[in-house]
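1. Fold the following and give me the result.
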Amino acid sequence: MDNAELLTRVRELRAQGRSPKEIARALGVSPSTVAPLVRAIAAEGDGGGRAGEVFGCWVNTGWSVGLGVDATRGWTDEAPGAQDTAGMVSVLVARRHGWDKVSICGYLVDVYCLGVKNVLGPDVMDEVSLRKTREFFFSDYAGWQEVPLELARHLVFGGVEYARGLGFEPHEDFPQVSGHLGDQPAPPITFGREGRPFYMAGPRDDARKVIRTLERAVGSDGFDAFVGARPTI
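-> Numbering: from 1, shown residues only. Below is the predicted model of the structure:
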């Protein structure tokens, strides 16, 4: 399959709402081969390379628990006392894609330690499918709320930078979805639980490796840890 034929097949599958990973499997190529083609196709549909207009941006309630947030920003948390999912923040961003579709990307961010643990999309769908996806995406939480894109940027990019400072890189597919957020801002949020790294092991984590990495970064007394489950997307 030559490049032109590959691009055509990727465009067809994207129009069906297939994710980059699904496209790669269907065509028998690597995700790294599909990713730049998906970005090029997205650019075709949003005005010559610019991200499409923001349709909506949502985050789980309880997102702020344990974080230091600049009060002058005016960002509110509808459930600031929520503890069951504290430290694990899910962000969903939808942008216009053509005249009757939206393109969505989701981010699962461990804001206390590991940064972006998982991502969703980019997926193209209609508004009905978006509403169903949003309900499922936030089903591990008490609720969700609409927020400014600026807050989403700070939570995701800030979480990535905080984790990198501790020695952890974001999910391997993060570069494919980071463009939905726009430019990376200077962070007005203090990450970690009350400013201190706090690791709660997830079911897919290599907990021993994480602990060793934290010990190298901040010393054995520089963080807190607990073994337990976290929400996933």
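
2. Do a quick rundown of the helices in the protein.
-> Counting by DSSP state H, the segments of the chain that form helices are 3-15, 20-27, 31-45, 127-137, 149-166, 174-177, 207-218.

3. right, so of these, which gets closest to Arg196?
-> Among the helices of the chain, the nearest to Arg196 by Cβ to Cβ is helix 207-218 (8.8 Å). Where you see a C-beta, it was placed from the backbone N, CA and C, and this is true even at glycine.

4. centre of the chain versus that closest one, how much separation?
-> Centroid displacement of helix 207-218 relative to its chain, using Cα atoms, centre = their mean, to the nearest Å, is 23 Å.

5. Which residues does that helix contact?
-> 113-114, 165-168, 197, 199, 201, 222-223, 225, 227 (Cβ atoms under 8 Å, 6 or more residues apart in numbering).

6. Report the mean per-residue pLDDT for it.
-> Helix 207-218 shows a mean pLDDT of 92.

7. Repeat that for stretch 9-17.
-> The average pLDDT within stretch 9-17 is 71.

8. contacting residues for the residue lying closest to Trp63 once chain neighbours are set aside?
-> Excluding its sequence neighbours, the residue lying closest to Trp63 (Cβ to Cβ, 6 or more residues apart in numbering) is Val89, at 4.8 Å. Residues near Val89 by Cβ under 8 Å, 6+ apart: Val59, Asn60, Trp63, Leu108, Val109, Val111, Leu155, Gly159.

9. and the fourth one, how many neighbours does it have?
-> This points to Leu108. For Leu108, the neighbour count with other Cβ atoms under 10 Å is 26.

10. Could you do the third one as well?
-> Neighbour count for Trp63, taken as other Cβ under 10 Å: 30.

11. wait, it sits on Val156?
-> No. Using Cβ atoms under 8 Å, Trp63 makes no contact with Val156, being 11.3 Å away.

12. for the chain, what helix or strand is lowest in average pLDDT?
-> Using mean pLDDT, DSSP states H and E, helix 31-45 stands out as the lowest-scoring helix or strand of the chain, at a mean of 71.

13. from the contacts of helix 207-218, which two are the most distant?
-> So, those by Cβ to Cβ: farthest apart are Gly165 and Val227, at 23.1 Å.

14. between these two, which one's more packed in?
-> Remark: of Gly165 and Val227, Gly165 carries more neighbours, 14 against 10, as counted by other Cβ under 10 Å.

15. Now for the more buried one: which residues touch it?
-> Ala217.

16. what about stretch 193-213, start to end distance?
-> Stretch 193-213 has its terminal residues 18 Å apart, counting by Cα to Cα, to the nearest Å.

17. Could you do stretch 164-176 as well?
-> Start and end residues of stretch 164-176 are separated by 18 Å (Cα to Cα).

18. Repeat that for stretch 141-154.
-> End-to-end distance of stretch 141-154 (Cα to Cα): 20 Å.

19. any idea which residue sits dead centre in this protein?
-> Tyr107 (1.6 Å; Cα atoms, centre = their mean).

20. give me every residue that touches it.
-> Shown in contact with Tyr107 (Cβ under 8 Å, 6+ apart): Ser90, Val91, Leu92, Val116, Asn118, Val119, Leu120, Val156, Phe174, Val177.
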